[in-house]
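Asker: got a sequence here, can you build the structure:
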Amino acid sequence: MSATAELTDDPTAAGSLRPTPLLVVNDLVKTFGNGVRAVDGVSLTVHKGETLGLVGESGCGKSTTAKMILRLLAPDAGLILLGDDDLTAVRGRQLRQMRARMQLVPQDPQTSFNPRLSIRSSIEFNLRAQRIEKAERARRVAEAMERVGMPMAYGQRFPHELSGGQLQRAAIARALVTSPELIVCDEAVSALDKSIQAQVLNLLVELQQDLGMAYLFISHDLSVVEHLSDRVLVMYLGRVVEEASAAQLWARPRHPYTEALLSAAPSSGRTRIMLTGDPPSPVNPPSGCTFRTRCPVALPACAEERPLLQVTDPHHLVACVNEARTAA
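Answerer: Residues are numbered from 1 along each chain as shown. Purely as a prediction, here's the structure:
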């Protein structure tokens, strides 16, 4: 899977290609009423037709970031651009229309469907919200169900009559009916057993190849992220600490947290790095680098300054005082 590209305007690089941004997020911030700063200045870009993986421990802010991108939560600060449209500025009917361009495949298919609606009605619901005519709704629902490999007869069933894998296919069909440019997969296969996981992942790959949509793929399963993603962002306590292509990240992680995270994957073949201590409280995070209280290579300088993402290799960014000094 590779991002759609366009010819660059740089005359010194005639004929070269660059990815086309679809989603651009700058300095996104979200603090909840209890003082938890769940997202603290997150920036990311998703290019057309690519998959951006987002990984990190539970509570690091991955899902909160996704909910703000989808405007299910309002950000406290920051900018969200979908193409040329500012998602932070739209409201009401305009926001409803924008949501047709971005859809969600949630974690638990068992709880993501209204138990009182048939599968067909649930898939059709997004089209009703967009005020699509009945004949067109029927056509799109049938097409979406066919694309995900669901017999039309399943449309008359109710959620409790389907297995977890069948329900997740229905959830993907529900996302497809609006012809979105971006689909956010928030732990979309974590509730499924391994054999069904593989089927759903292969389906997502096929759909992307056929339809060209982009994915923001959130998961704690690093082997899944490596398999599916073009690029990967690593989050820790509300901040992005590393960004690289999937191949670069797995071959040479540069942040100590990323190294520890990858070493914990059963299939990594790496020597396990055991972090000491518990993650700090997001209500009162440490000064400087928030990972320093668990970092095996922390320096005194790590407490004094907040490391910013810096380029260490081409297309590889790391927020680490040690890496910044090495690169310099």
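
Asker: got the phi and psi for the closest residue to residue 76 other than its chain neighbours?
Answerer: Nearest residue to residue 76, sequence neighbours excluded (C-beta to C-beta, 6 or more residues apart in numbering): residue 29, at 4.8 Å. In short, each C-beta sits where N, CA and C put it, glycine included. With angles defined as degrees, to the nearest 10, residue 29 sits at phi -130, psi 140.

Asker: go on, residue 110?
Answerer: Torsion angles, degrees, to the nearest 10, at residue 110: phi -70, psi -30.

Asker: ok, residue 243 next?
Answerer: According to degrees, to the nearest 10, residue 243 has phi -140, psi 130.

Asker: that one - how many residues pack around it?
Answerer: 23 (other C-beta atoms under 10 Å).

Asker: ok, now which ones touch it?
Answerer: Counting by C-beta atoms under 8 Å, 6 or more residues apart in numbering, residue 243 makes contact with 44, 231, 232, 233, 234, 309, 316, 317.

Asker: residues in a beta bridge with it, which ones?
Answerer: Taking DSSP bridges as the rule, residue 243 bridges to residue 233, residue 317.

Asker: for the residue nearest to residue 76, give its distance to residue 236.
Answerer: From residue 29 across to residue 236, the span is 16 Å (C-beta to C-beta, to the nearest Å).

Asker: over to residue 52?
Answerer: 17 Å.

Asker: neighbour count: these two, which is higher?
Answerer: Using other C-beta under 10 Å as the criterion, residue 52 and residue 236 rank with residue 52 on top: 25 against 22.

Asker: mind listing the helices for the stretch 151-300 of the chain?
Answerer: 164-176, 194-211, 222-228, 246-251, 256-263 (DSSP state H, counting those that start in this stretch).

Asker: check which helices and strands the first one sits against.
Answerer: This points to helix 164-176. Helix 164-176 sits against strand 102-105, helix 119-129, helix 134-147, helix 194-211, with contacts defined as 3 or more C-beta pairs under 8 Å, 6 or more residues apart in numbering; DSSP states H and E.

Asker: okay, these, which one's buried deepest?
Answerer: Most buried of those, by mean neighbour count (mean count of other C-beta atoms under 10 Å): strand 102-105, with a mean of 23.

Asker: residues contacting the residue nearest to residue 76?
Answerer: Residue 29 neighbours (C-beta under 8 Å, 6+ apart): 37, 39, 40, 41, 42, 75, 76, 77, 78.

Asker: about what we covered before: would TSV of the contacts of residue 243 with distance to residue 300 be doable?
Answerer: Shown next, in TSV, are the contacts of residue 243 (distance: C-beta to C-beta, whole Å):
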residue	distance to residue 300
44	31
231	33
232	30
233	28
234	24
309	22
316	26
317	24
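
Asker: which one of these is nearest residue 290?
Answerer: Nearest to residue 290 out of the contacts of residue 243 is residue 234 (C-beta to C-beta; 13.0 Å).

Asker: so how far is residue 48 from the residue nearest to the closest one when sequence neighbours are not counted?
Answerer: Distances taken as C-beta to C-beta, 6+ apart put residue 242 closest to residue 234, at 4.3 Å, once the chain neighbours are dropped. Using C-beta to C-beta, residue 242 is found at 23 Å from residue 48.

Asker: mind checking which of those two has more residues around it?
Answerer: It is residue 242, of residue 242 and residue 48, that has more neighbours when counted by other C-beta under 10 Å, with 28 against 19.

Asker: surely the more buried one meets residue 252?
Answerer: No - Residue 242 is beyond contact range of residue 252, at 10.8 Å (criterion: C-beta atoms under 8 Å).

Asker: coming back round to it: neighbour-wise, which one of the contacts of residue 29 leads?
Answerer: Counting neighbours by other C-beta under 10 Å, residue 39 comes out on top of the contacts of residue 29 with 31 neighbours.

Asker: quickly run through the sheet partners of the helix or strand that one falls within, with directions.
Answerer: Secondary structure from DSSP states H and E places residue 39 in strand 37-47. Paired strands of strand 37-47, with direction, are strand 21-31 (antiparallel) (DSSP bridges).

Asker: got the CA coordinates for the partner strand in PDB?
Answerer: C-alpha atoms of strand 21-31 as PDB (Å, rounded to 0.1, in the frame of the first residue of the first chain):
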ATOM      1  CA  PRO A  21      -2.200  15.200   2.000                       C
ATOM      2  CA  LEU A  22      -5.800  14.200   2.800                       C
ATOM      3  CA  LEU A  23      -5.900  14.900   6.500                       C
ATOM      4  CA  VAL A  24      -3.700  17.400   8.300                       C
ATOM      5  CA  VAL A  25      -3.800  17.800  12.100                       C
ATOM      6  CA  ASN A  26      -1.800  20.500  13.800                       C
ATOM      7  CA  ASP A  27      -1.200  20.900  17.600                       C
ATOM      8  CA  LEU A  28      -4.400  19.100  18.700                       C
ATOM      9  CA  VAL A  29      -5.100  19.500  22.400                       C
ATOM     10  CA  LYS A  30      -7.800  18.000  24.700                       C
ATOM     11  CA  THR A  31      -8.100  18.400  28.400                       C
END
